[in-house]
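**Q** this one's structure only:
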């Protein structure tokens with residue numbers, strides 16, 4: 001078990017987007033999308049654990065003394081990832097292509113961290129209710145028209161100002177989590 005900030009991101013509209021692309025173009029698009037995120041995560045002390053289709057799971061380990069610092073690094077990685085995405089989208093729009101969007105949730109919690117699988121095939125990952133919550137909160141990004149959502153555990157430690165968007169029922173979570181956004185410049189139009 002380790003404590004960490006969990007990064008869960010997912011491409012928006014992947015089913016419709018991939019329907020118009022052949023498999024090679026789909027892989028190229030996903031690789032470019034992940035190239036916006038992976039370097040940002042790694043530069044800020046995070047570890048990318050897996051790609052789940054068009055989604056990505058990463059963690060930023062926390063110890064007893066550095067939770068506020070780790071939250072700041074995870075938020076810096078989010079800013080960098082979106083900053084890398086925006087010019088690529090300008091290029092795509094100029095070429096008459098559909099822009100690419102992803103939602104991102106950050107949550108702080110305890111996870112099981114290690115190898116999981118069968119005797120002949122193992123996968124290194126993080127699991128547990130904290131990962132599930134991060135995934136469910138990411139699912140709210142599209143519904144709320146936000147690029148980035150934070151759980152209360154992250155918002156409480158963020159140095160940047162945050163604003164509560166309210167509590168939302170999510171599948172598999174008994175208590176509706178309250179989600180937050182950063183106040184400065186993270187809003188996007190509904191459906192983005």
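**A** Structure's in. What do you need? The structure displayed is predicted, hence computed values, not measured ones. Numbering: from 1, shown residues only.
**Q** what does the least confident helix or strand in the chain by mean pLDDT rub up against?
**A** When each helix and strand of the chain is scored by mean pLDDT, DSSP states H and E, helix 14-19 comes last, with a mean of 72. The contact list for helix 14-19, computed with CB atoms under 8 Å, 6 or more residues apart in numbering, reads 11, 26, 29, 53, 54, 98, 100. Quick note: C-beta positions are derived from backbone N, CA and C, even for glycine.
**Q** How about stretch 130-146?
**A** Under CB under 8 Å, 6+ apart, the answer for stretch 130-146 is 6-10, 12, 55, 57, 103-111, 147-149, 151, 165, 168, 170-173, 177, 179, 181, 186-192.
**Q** can we see that at 6 Å?
**A** Outside stretch 130-146, the residues that touch it by CB atoms under 6 Å, 6 or more residues apart in numbering are 6, 8, 10, 12, 103, 105, 107, 109-111, 149, 151, 168, 170, 172-173, 179, 181, 188, 190, 192.
**Q** again, but for stretch 107-121
**A** So stretch 107-121 is in contact with 1-3, 5-6, 122-128, 130-131, 133-134, 151, 153-154, going by CB under 6 Å, 6+ apart.
**Q** Among the contacts of stretch 130-146, the buried ones, what's the PyMOL command?
**A** Buried residues among the contacts of stretch 130-146 (16 or more other CB atoms under 10 Å), as a PyMOL selection:
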select buried, resi 6+8+10+12+103+105+107+109+111+149+151+168+170+179+181+188
